[in-house]
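Chemist: Sequence and computational prediction follow.
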Amino acid sequence: MSEVPHRALVERDGLREATVGHLREMLVRHHVSPDALRRSAEQREALKRLGFDAQQARLGRFPANPTTQKGNLAEVVLAEYVVAANGVALPVYRLRYNPNVDQAMKGDDVLAFDLDATPPTVLVGEAKFRGASSAAAVKEIIEGLLRSFKGGLPASLQFVADRLFEQGETELGVKVLDCARLFALGELRIDYVGILLSDTKASQRVNDATPKSLRRLAVISFGVQEPDALVEACYEGLV
């Protein structure tokens, strides 16, 4: 068994269509706001009427690069899970701000908050997708979280605060920025969680290969049949 808390998730047999439906809703929500999605659809339709179909690909809101698709899906699943299971808040959908949707976005995969807790808490997440699970993939997750731990304050803290100020959520932006002060005083709790989205052996890999290298660390495995096919189905038709 794993030396750290491990939540093993599996796709239920015969529910692929339902799984894809839920994941597609999550992907859309994390990649683009409803207003931006509407504007893009209107612009594509206008280009189509003018006979400029070839230019529509430049207006895509979702990645066409398979590697980026896979990484984003794992990130979205982790974000949605920690919000649902831990009661933390995800104040910014960071993938909406990626200037190049076909490249992986820099920064923390997930940064969630419970700033009303005692002590205030920040949750840092690291997500990996692998078509075939492996001990190496688990090691990459843990190493990524270790780098975040050694770095101190999460790398994306300022990014989240800036987006909140831009959205007019000044009070929450101030609270997020105040995490730096709380961290310096030793009054901020930072938890670390990783996810491996992979094949049906994902939970076994996590159990066998997760070292107890951080005190406040948990790992999630999400095992599915034919993970690459799941990704393709989730992004099919999304532009």
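Modeler: Received, thanks.
Chemist: C-alpha only now, for contacts and for neighbours.
Modeler: Noted.
Chemist: Off-centre distance for stretch 131-139?
Modeler: How far stretch 131-139 lies from its chain's middle: 18 Å, per Cα atoms, centre = their mean, to the nearest Å.
Chemist: can you check stretch 163-171 too?
Modeler: Counting by Cα atoms, centre = their mean, stretch 163-171 comes out at 21 Å from the chain centroid.
Chemist: For the host helix or strand of residue 111, which helices and strands make contact with it?
Modeler: If you go by DSSP states H and E, residue 111 is part of strand 110-114. Other elements packing on strand 110-114 under the criterion 3 or more Cα pairs under 8 Å, 6 or more residues apart in numbering; DSSP states H and E are helix 66-86, strand 121-129.
Chemist: right, and residue 7 touches residue 219 too?
Modeler: Yes. Residue 7 is within contact range of residue 219, at 6.5 Å (criterion: Cα atoms under 8 Å).
Chemist: Pick the most buried one from the helices and strands packed on strand 110-114.
Modeler: By mean neighbour count, with neighbours taken as mean count of other Cα atoms under 10 Å, strand 121-129 ranks first of the helices and strands packed on strand 110-114 at a mean of 24.
Chemist: Going along the chain from that strand, find the next helix or strand for me.
Modeler: helix 135-151.
Chemist: For that next one, buried residues please.
Modeler: Residues 137, 138, 139, 140, 141, 142, 145, 148, 149 are the ones in helix 135-151 that count as buried (16 or more other Cα atoms under 10 Å).
Chemist: Show me what residue 124 bridges to in the sheet.
Modeler: Counting by DSSP bridges, residue 124 is bridged to residue 111, residue 192.
Chemist: hang on, isn't it packed against residue 114?
Modeler: No. Between residue 124 and residue 114 there is no contact under Cα under 8 Å: 11.8 Å.
Chemist: before we move on, the earlier item: dump the helices and strands packed on strand 110-114 into TSV; add distance to residue 104 as well.
Modeler: Formatted as TSV, these follow (distance: least, Cα to Cα, whole Å):
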stretch	distance to residue 104
helix 66-86	6
strand 121-129	12
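Chemist: Format those as TSV; extra columns: mean pLDDT and distance to residue 98.
Modeler: Shown next, in TSV, are those (pLDDT from 0 to 100; distance: least, Cα to Cα, whole Å):
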stretch	mean pLDDT	distance to residue 98
helix 66-86	97	11
strand 121-129	98	17
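Chemist: could you dump the strand holding residue 111 to PDB, C-alpha only?
Modeler: These are the backbone C-alpha positions of strand 110-114, laid out as PDB (Å, rounded to 0.1, in the frame of the first residue of the first chain):
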ATOM      1  CA  VAL A 110      -4.000  23.500  -9.600                       C
ATOM      2  CA  LEU A 111      -4.100  26.200  -6.900                       C
ATOM      3  CA  ALA A 112      -7.100  26.200  -4.700                       C
ATOM      4  CA  PHE A 113      -7.800  28.000  -1.400                       C
ATOM      5  CA  ASP A 114      -9.700  27.800   1.900                       C
END
